[in-house]
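Could you work out the structure for the sequence below:
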Amino acid sequence: MLGKIKASVVVALCGTVLGAGLVGCDGALADWDPFASETRKAEAEPISGTKKIDVGGRSVNVSCAGGAAKGRPVIVLMPGLGDGLDKMAALQNTLSGKNRVCSYDRLGEGASDQPDGPQSFASTGKVLTGVLDRVAGDRPVVLAGHSLGGLIAARYAPDHQDRVKGLVLMDATSPTMVGDVTKVIPESATGPAAQLRAQNIAVFQGQNPEKLVIDDAQVRSAGRIPVEVIQHGKPYLAAVPQYGPRLEQAWSAGQRKWLAVSSRSKLSTATKSEHYIYVDQPGVAVRAIERVTSQAARKANGG
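Now for the predicted structure:
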């Protein structure tokens, strides 16, 4: 029965994937050029607390906390699919003691507008650019993403090396997630495994809150920025016993693939965590984000 499939498996495998490559995003975002905006050059009054901002004609819910420490990048937290910025509120609050920290709801999530039609990595990236223009201006940023948020961050950074100066990927969706799932769970599978496979394929085709269409893609380099990849250490993909161990192996392999995003990447394991590392072991997430932010600051200041 579908109800017997553990929810976290669906969240991790179905709800945490994004690829590059949908043509034909509807609405104003398709034609919007973020670099034509003056927002980045003439930053409005800094956001404190939660506020709706306009990005390419869409209302995007943004939250910021903490002071702008001199020489330190702005940290931007990016939750997974199905999660709003409120999911990362505790993490944001902790980090804001020493940093300027912001988060936002992507289109289709939380209190942001719904997308008019299918989204691609390109259109999601345009929204992220608009958010960064507003919350960081010309300042460098560190992107800290969980699950789908990590995948978006890692796909965004190579094309925006002028502003993304560090990454923290917390159990980020594998860059080969589509192939991983369809290879591990064959088309001939029956019962809960067949239903889990079908759920994933539906999500890959855009049947998810953000209407994101999913493709696998090679990991591209974002240069020599500091990157920490954190994978879960507590197995949780055993809801379909026949395929659970292989799904875990594929997930771990995907985490290792993310190391190619930078020549300064490191991989660690949150041994007591399932998928939500920043919830299960918040200290692990906080320390990683602060390390990357400090390394990015030193590099920016010639250290």
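
any weak-confidence spans in this protein?
Low-confidence segments of the chain (pLDDT under 70): 1-45, 238-239, 303.

Just want the most central residue of it.
Centroid check for the chain by CA atoms, centre = their mean gives Gly149 as the closest residue, at 1.1 Å.

Grab the nearest non-local neighbour of that residue.
With CB to CB, 6 or more residues apart in numbering as the criterion, Gly149 has its nearest non-adjacent residue at 3.1 Å, and that residue is Met78. The way it works is simple: take the backbone N, C-alpha and C, and place the C-beta from them, glycine included.

give the contact list for that neighbour.
Residues near Met78 by CB atoms under 8 Å, 6 or more residues apart in numbering: 103-104, 143-146, 149-150, 152-153.

That one pairs with what?
Taking DSSP bridges as the rule, Met78 bridges to Gly145.

Could I get the buried residue list for the top helix by length along the chain?
Counting by DSSP state H, the longest helix found in the chain is helix 282-300. Neighbour counts over helix 282-300 (16 or more other CB atoms under 10 Å) mark 284-286, 288-290, 292-297, 299 as buried.

what do you get for stretch 228-243?
Buried-residue list, stretch 228-243, by 16+ other CB under 10 Å: 228-233, 236-237, 239-240, 243.

Then stretch 152-165?
Neighbour-count burial for stretch 152-165 flags 152-158, 160, 163-165 (criterion: 16+ other CB under 10 Å).

And the strands in the stretch 201-303 of the chain, which stretches?
For the stretch 201-303 of the chain, strands defined by DSSP state E, counting those that start in this stretch occupy the ranges 226-232, 264-270.

May I see those strands organised as JSON lines, with distance to Leu247 added?
Output for the strands of the stretch 201-303 of the chain, formatted as JSON lines (distance: least, CB to CB, whole Å):
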{"stretch": "strand 226-232", "distance to Leu247": "12"}
{"stretch": "strand 264-270", "distance to Leu247": "17"}
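
which one of those lies closest to Lys52?
Proximity to Lys52 (CB to CB) singles out strand 226-232 among the strands of the stretch 201-303 of the chain, at 31.2 Å.

Go ahead and confirm Ala193 touches Glu187.
No - Ala193 is beyond contact range of Glu187, at 10.8 Å (criterion: CB atoms under 8 Å).

who's more crowded, the two?
In this view Ala193 and Glu187 are compared by other CB atoms under 10 Å, and Ala193 has more residues nearby, 20 against 8.

Phi and psi next, for that one.
In terms of degrees, to the nearest 10, the main-chain angles of Ala193 are phi -60, psi -40.

excluding its backbone neighbours, what's nearest it?
That would be Val240: by CB to CB, 6+ apart, it lies 4.5 Å from Ala193.

wouldn't Phe204 be in contact with Thr173 here?
No - assessed by CB under 8 Å, Phe204 is found out of contact with Thr173, at 11.2 Å.

Do you have the helices of the stretch 1-150 of the chain handy? List them.
Under the criterion DSSP state H, counting those that start in this stretch, the stretch 1-150 of the chain contains helices at 7-13, 89-95, 121-136, 148-156.

With distance to Ala111 as new columns, can the ones you listed be given to me in JSON lines?
JSON lines is the format used below for those (distance: least, CB to CB, whole Å):
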{"stretch": "helix 7-13", "distance to Ala111": "20"}
{"stretch": "helix 89-95", "distance to Ala111": "13"}
{"stretch": "helix 121-136", "distance to Ala111": "14"}
{"stretch": "helix 148-156", "distance to Ala111": "17"}
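
Pick the most buried one from the ones you listed.
With neighbours defined as mean count of other CB atoms under 10 Å, those peak in mean count at helix 148-156, which reaches a mean of 27.
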